[in-house]
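Colleague: what's the 3D shape of this:
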Amino acid sequence: MKRILVWAALTLLSVAFVYPFVWLLSASFKPRGEVFDHKLIPETFTLDNYVKVWQEAPMALWMANTAFVTVMAAVTVTISSAMVAWGFAYFRFPGRNVLFGVLLATMMLPGAVTMIPTFLIWNSLGMVGTLTPLWAQNLFGSAFYIFLLRQFFLSLPRDPFEAARIDGAGNWTIFWRIALPLCRPAIVVTWLFEFQAAWTDLMRPLVYLRDSSTFTVPRGLKSLLDAYGFGGEWHWEIVMTASVIATVPMVVLFFLGQKHFVRGIATTGGK
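Modeller: Coordinates of the predicted model:
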């Protein structure tokens, strides 16, 4: 009976989380007058919405911009955060715990506090209106990812690293060839987290991007909402279709990395 109740609860929760996406997918195949009929199986099935959204909006360009920004952001923040985390986990130096505490304290700062100073910096560099501000600040790491990776590094025994040092390996060799492969699940989790965050980010594209040729998918969806909301008649079928196109890559990516994702979350700091 207990197992049946657990499965029933999990099923209900799964339905609650999956239903909005199924509804979105169904609405993308409906004509405008049937979008809000709340039927999961379209009464009038049509592919015109997918044809129209590619004709009305440069979705391919937006997808390419988003892919570039997302990959660059995920790669840079993963490498830089791993390097900083390795320094805090492996090396012993005065003030290490104090510096790490200051690093964690930066997580308490709301994004709105640093938004204007960061914008002024990029504006002075002449980068406003380009894709660079959307990923280049990740070169300095992220406090959350540094904390996550540090906990994983601390769970590793020091013996392999000391043996490598006796064999003549330097700090970079130990980090790149021994430490990183051992914490692959945490690396994958960091990469997936940042990939998802960069792919769905709307605030920074709203702040930094001006021309539609540089829009990312979230910024492009916002422009579609503005364009198809005139006259009090919202073209929701176009917006729903564009949302499906933007969401499918993330769903596919999660299923491809699901094993590493679950393993990294389950084992981080728990070995």
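Colleague: contacting residues for F144?
Modeller: When contacts are counted by C-beta atoms under 8 Å, 6 or more residues apart in numbering, F144 touches M107. From N, CA and C alone the C-beta is placed, and that goes for glycine too.
Colleague: T241 is in contact with Y50, isn't it?
Modeller: Yes - using C-beta atoms under 8 Å, T241 is in contact with Y50, at 5.7 Å.
Colleague: overlap in contacts of those two?
Modeller: Joint contacts of T241 and Y50 (C-beta under 8 Å, 6+ apart) are S28.
Colleague: Check the gap between T66 and A73 for me.
Modeller: 10 Å (C-beta to C-beta, to the nearest Å).
Colleague: neighbours of R92, just the number please.
Modeller: 5 (other C-beta atoms under 10 Å).
Colleague: Looking at it now. What's its pLDDT?
Modeller: On pLDDT, R92 comes in at 88.
Colleague: So it, which state does it fall into?
Modeller: coil (DSSP: H, G, I helix; E, B strand; the rest coil).
Colleague: In contact with M63: list those residues for me.
Modeller: 217, 245-246, 249.
Colleague: mind listing which of those residues are in helices?
Modeller: 217, 245-246, 249 (DSSP state H).
Colleague: top of those residues by neighbour count?
Modeller: V217 (28 neighbours).
Colleague: neighbour count winner among T241 and Y50?
Modeller: T241 (28 against 17).
Colleague: Please identify which helix or strand holds that one.
Modeller: helix 236-256 (DSSP states H and E).
Colleague: Could you list the buried residues of that helix?
Modeller: By neighbour count on 16 or more other C-beta atoms under 10 Å, the buried set for helix 236-256 is 236-247, 249, 253.
Colleague: returning to that earlier point: export the contacts of M63 to TSV and tack on distance to F17 and pLDDT?
Modeller: Below are the contacts of M63 laid out as TSV (distance: C-beta to C-beta, whole Å; pLDDT from 0 to 100):
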residue	distance to F17	pLDDT
V217	22	91
I245	21	88
A246	18	88
P249	19	87
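Colleague: Show me which of those is closest to P20.
Modeller: A246 (14.5 Å; C-beta to C-beta).
Colleague: residues in contact with the residue nearest to the closest one when sequence neighbours are not counted?
Modeller: Counting by C-beta to C-beta, 6 or more residues apart in numbering, A246 lies nearest to V217, which is 4.4 Å off, once chain neighbours are set aside. For V217, the contact set (C-beta under 8 Å, 6+ apart) comprises 59, 62-63, 65-66, 199, 242, 245-246.
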